[in-house]
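> need a 3D model of the sequence below.
(chains A and B)
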Protein chains: 2
Amino acid sequence: MEKDINLKIFKGNLIFTKTSDKFTIMKDSYIVVIDGKIASVSSNLPDKYKGNPIIDFRNNIIIPGMNDLHAHASQYKNLGIGMDKELLPWLNNYTFPEEAKFLNVDYAKKTYGRLIKDLIKNGTTRVALFATLHKDSTIELFNMLIKSGIGAYVGKVNMDYNCPDYLTENYITSLNDTEEIILKYKDKSNIVKPIITPRFVPSCSNELMDGLGKLSYKYRLPVQSHLSENLDEIAVVKSLHKKSNFYGEVYDKFGLFGNTPTLMAHCIHSSKEEINLIKRNNVTIVHCPTSNFNLGSGMMPVRKYLNLGINVVLGSDISAGHTCSLFKVIAYAIQNSKIKWQESGKKDMFLSTSEAFYMATKKGGSFFGKVGSFEEGYDFDALVINDSNLYPEDYDLTERLERFIYLGDDRNIMKRYVCGNEIFGPKF
Amino acid sequence: MEKDINLKIFKGNLIFTKTSDKFTIMKDSYIVVIDGKIASVSSNLPDKYKGNPIIDFRNNIIIPGMNDLHAHASQYKNLGIGMDKELLPWLNNYTFPEEAKFLNVDYAKKTYGRLIKDLIKNGTTRVALFATLHKDSTIELFNMLIKSGIGAYVGKVNMDYNCPDYLTENYITSLNDTEEIILKYKDKSNIVKPIITPRFVPSCSNELMDGLGKLSYKYRLPVQSHLSENLDEIAVVKSLHKKSNFYGEVYDKFGLFGNTPTLMAHCIHSSKEEINLIKRNNVTIVHCPTSNFNLGSGMMPVRKYLNLGINVVLGSDISAGHTCSLFKVIAYAIQNSKIKWQESGKKDMFLSTSEAFYMATKKGGSFFGKVGSFEEGYDFDALVINDSNLYPEDYDLTERLERFIYLGDDRNIMKRYVCGNEIFGPKF
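Got it, this is the predicted structure:
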């Protein structure tokens, strides 16, 4: 019998996606976690672990935690308001004035505290966040996330060009501040890490993008930004970078397009050449359907990308997206794909529930390491779903999960774990 | 001073839509209700009502109740499952087998009880429901709704053709059962009433539709059905009614298309001629965006219909729609319109929040009488919204309502009224 102070055994109905084509369903089964990592997943508890206490969730469902690969922490205050603009006016009227307030660290602390609480409440266990250009507030966000227990990539936003005076920076300061944050946080936490974050091409000078590409290479840091969300945005990029053949080529020119793992949000209106480069450079597309609907950006052709073998993950894109809940984003991703299916004359098959779930768990989690599935060696990031108010007795396990995704909410999430540790709502 | 046992005075922040173009917002204002009807709406309480007790909701928001103009009561069990089919296979695989169970009145009672509880929980105060073809279960639904306190049109479903053997009826029985229900319930309740309900053209013989048209005329009853939801469905109608120029013309031929107030759900793929007839006959279109997404039916061109002056209201269409919450349907309707806006090259303007709210309140309510607004003579159907968990102190009243619509849920609905009576979840 193996006894270990860092050994935990969980029992319940396990549902996860090893591959995107189907759910793996293990009724009344066991997950053994040692030092936060999964040591065993089985229907019967292996002999060597017997005798240890078992945390038995009985008829409840255990699933991997949600991985949100695109969200703007500093826009949390705007969640659910002002949804009457498309991208560029939205930025100028709602986003930029709000982000300017993050010069004040106390203000940042209040907003970031609310956001982190909401993320945890809704079952997000890992998240890729945009902060603002402000160094001190971004540092505060790092500290708060480390304290919260969830995993994150955090980007100090870089923007020195084409932005309102009250929210712009000199590219040298921008790069210095970014490097200072990198040095402070690259080794501080195992699960909260810096990520290179040019806001998007229209607000970054060539010098800034060049410097960011070099920082990314120097510290082997991933990159996140926006790509081909909106037709007007694409026109702006074209007017600013006349020699580039397409939007993504600008990032690529500066080493920000797949030299290190790269997240590009949206990609709704990507040209054929851009899609080829995404594929060739192994760039990950972050699909943000709630945002795309709310801003009227358009509908991302998810099946086309999957057929090409392109990585597609999910993002809440708050606050253009109106909910932190990745479960709701899963539902919207499926719905988005159903309209594309209908509009393609049923050529582009819509997403199955397991495919969309896979994007939010194993595929999204892969950006953070071995995260998002219940397999040996994976971090134990998990949610325990109590669906007792949804009449579980009348449904099989797949249906119960589907009903939770479509009908449930945070009240159904009874436990949250990251790396084997239980996470509670932080008190800020 | 007017004293009356049936007088109630409510105070709070009132938000409603007299017209669709803007919210009427009355901070800290009064609604006087006499015998369930609104007698006065004002910022200061008129002298003649002073001295009566005031139900003061303080900083909370009072809005009209939600009117859901299309929902299938008998499909409630299927909510949130099996969302991998389009309309016709969905009917054959999920809907028809489930509806067949309603031969058993005890089964019906269980399902209808869950549904009514969920409707009330989510703030629906009036609803137009499809039951099943079974007389006894439909009678049970009438009784349960009357007991619940919410308002409803209830349709025994008529279907005698092209349906599975286990779920079909003889047209004579169908008409007799329908008339029996009409006679039993046409005068029993002021707010729960029968409605003529041919399932849809493909499942009704000419004899049945002819008889239903006559019943509708004889008792001056409204009509509800489905229209042009799906391209395959339209092809079936075309093959069955070769002499009709378009789907809606079949209903019209049998007096089921605007002779009395008529609800037609979906109308996504209506032809120009069909739209003209909808307009000419003053037929009301029920827009069900959640359903249209989930079944991949398509996106209804809402602005086109509004520009033509056609009546458009909202429906949950459970269980092809995945939620009873009309607030979520409002959000989806706006999102649907934003994609149509984008796809029309910004020609077809998307819905404003007040326009979508108006559809769910005053426009939808008009089908039930003077319902859905806070104006003199209107029934007092209302919800009290407590948004204290959504940081109300940081937002103005319109923003608070918008945030409740996008981010809130049943936890925020602290009170529900229909015709001045407080409604509680029923105990069945």
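
> residue ranges with poor pLDDT in chain A?
A:1-5, A:426-428 (pLDDT under 70).

> which residues of it lie near chain B?
Residues of chain A lying near chain B by CB under 8 Å from any CB of the partner chain: A:77, A:79-84, A:86, A:114, A:293-299, A:322-323, A:331, A:334-336, A:338-339, A:341-343, A:350, A:352-353, A:391, A:394-395, A:399, A:402-403, A:405-407, A:409. C-beta here means a position set from N, CA and C on the backbone, and glycine is covered the same way.

> can I get the buried part of these as one PyMOL selection?
Applied in PyMOL, the following selects the buried portion of the residues of chain A next to chain B according to 16 or more other CB atoms under 10 Å in any protein chain shown:
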select buried, chain A and resi 77+79+80+81+82+83+84+86+114+293+294+295+296+297+298+299+322+323+331+334+335+336+338+339+341+342+343+350+352+353+395+399+402+403+405+406+407+409
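
> and the residues of chain A next to chain B, which of them are in strands?
Secondary structure from DSSP state E places none of the residues of chain A next to chain B in strands.

> find the nearest non-adjacent residue to A:Leu103, please.
In space, and not counting its chain neighbours, A:Leu103 is closest to A:His134: 5.5 Å by CB to CB, 6 or more residues apart in numbering or on different chains.

> does the one you found touch A:Lys101 like I think?
No: A:His134 is beyond contact range of A:Lys101, at 9.5 Å (criterion: CB atoms under 8 Å).

> those two - which one has more neighbours?
Higher neighbour count among A:His134 and A:Lys101: A:His134, with 24 against 17, using other CB atoms under 10 Å in any protein chain shown.

> Provide the backbone phi and psi angles at that one.
The phi/psi pair for A:His134 (degrees, to the nearest 10) reads phi -80, psi 120.

> A:Lys253 and A:Asn245, how far apart?
Plainly put, A:Lys253 is 11 Å away from A:Asn245 if you go by CB to CB, to the nearest Å.

> these two: who's more crowded?
When A:Lys253 and A:Asn245 are compared for neighbours, A:Lys253 comes out ahead with 16 against 13, by other CB under 10 Å.

> any buried residues in stretch A:110-128, and which?
A:110-128.

> just the ones in helices from those, please.
Counting by DSSP state H, these place A:110-121 in helices.

> and of those, the nearest to chain B?
Distance to chain B across those (CB to the nearest CB) is lowest for A:Arg114, with 7.2 Å.

> now do the contacts for the closest one.
By CB atoms under 8 Å, 6 or more residues apart in numbering or on different chains, the residues touching A:Arg114 are A:76, B:391.

> residues contacting A:Glu273?
Listed by CB under 8 Å, 6+ apart, the contact set of A:Glu273 reads A:245-246, A:249.

> same check on A:Lys184?
The contact partners of A:Lys184, taken as CB under 8 Å, 6+ apart, are A:139, A:142.

> what is the three-state secondary structure of it?
Secondary structure state of A:Lys184, per DSSP: H, G, I helix; E, B strand; the rest coil, is helix.

> any idea how far A:Asn52 is from it?
Taking CB to CB, one finds A:Lys184 at 39 Å from A:Asn52.

> follow-up on the earlier one: the contacts of A:Glu273 in helices, which ones?
Mapping the contacts of A:Glu273 onto helices (DSSP H) picks out A:Glu249.

> save the contacts of A:Glu273 as TSV, and put in distance to A:Val384 too.
Below are those laid out as TSV (distance: CB to CB, whole Å):
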residue	distance to A:Val384
A:Asn245	49
A:Phe246	45
A:Glu249	45
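
> which one of the contacts of A:Glu273 is nearest B:Tyr153?
Among those, A:Phe246 lies closest to B:Tyr153 (CB to CB), at 54.3 Å.

> these two touch, right, the closest one and A:Glu274?
Yes: when contacts are counted by CB under 8 Å, A:Phe246 is listed as touching A:Glu274 (4.5 Å).

> looking at the residues of chain A next to chain B, which are in helices?
Checking the residues of chain A next to chain B against DSSP H, those in helices are A:114, A:293-294, A:331, A:334-336, A:338-339, A:341-343, A:353, A:399, A:402-403, A:405-407.

> strands of the stretch 251-400 of chain A, residue ranges please.
Ranges of strands in the stretch 251-400 of chain A, per DSSP state E, counting those that start in this stretch, are A:262-266, A:284-287, A:311-314, A:382-385.

> can I get the ones you listed in JSON lines with mean neighbour count?
Converted to JSON lines, these look like this (neighbours: other CB atoms under 10 Å in any protein chain shown):
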{"stretch": "strand A:262-266", "mean neighbour count": "28"}
{"stretch": "strand A:284-287", "mean neighbour count": "27"}
{"stretch": "strand A:311-314", "mean neighbour count": "25"}
{"stretch": "strand A:382-385", "mean neighbour count": "25"}
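
> can you put those in CSV and add distance to A:Tyr161?
Shown next, in CSV, are the strands of the stretch 251-400 of chain A (distance: least, CB to CB, whole Å):
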stretch, distance to A:Tyr161
strand A:262-266, 19
strand A:284-287, 23
strand A:311-314, 28
strand A:382-385, 41
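
> was I right to think A:Ser148 contacts A:Ile116?
Yes: with contact defined as CB under 8 Å, A:Ser148 reaches A:Ile116; the gap is 5.0 Å.

> what sits against whichever residue of the stretch 51-200 of chain A sits closest to chain B?
Nearest to chain B in the stretch 51-200 of chain A, going by CB to the nearest CB, is A:Gly80, at a distance of 3.7 Å. Contact analysis of A:Gly80 by CB under 8 Å, 6+ apart lists A:319, A:322, B:402-403, B:405-407.

> please identify which pair of the residues you listed lies farthest apart.
Spatially, the most separated pair among the contacts of A:Gly80 is A:Ser319 and B:Ile405, at 14.5 Å (CB to CB).

> so what's A:Asn281 up against?
By CB under 8 Å, 6+ apart, A:Asn281 lies in contact with A:252, A:257-259, A:262.

> pretty sure A:Ala331 sits against A:Tyr406.
Yes: at 5.6 Å, A:Ala331 and A:Tyr406 qualify as touching, with contact defined as CB under 8 Å.

> identify the contacts common to the two.
With contacts taken as CB under 8 Å, 6+ apart, the residues that reach both A:Ala331 and A:Tyr406 are B:His322.

> quickly list the domain ranges of chain A.
Structural domains assigned to chain A are A:7-64+A:374-422, A:66-368, following automatic domain parsing.
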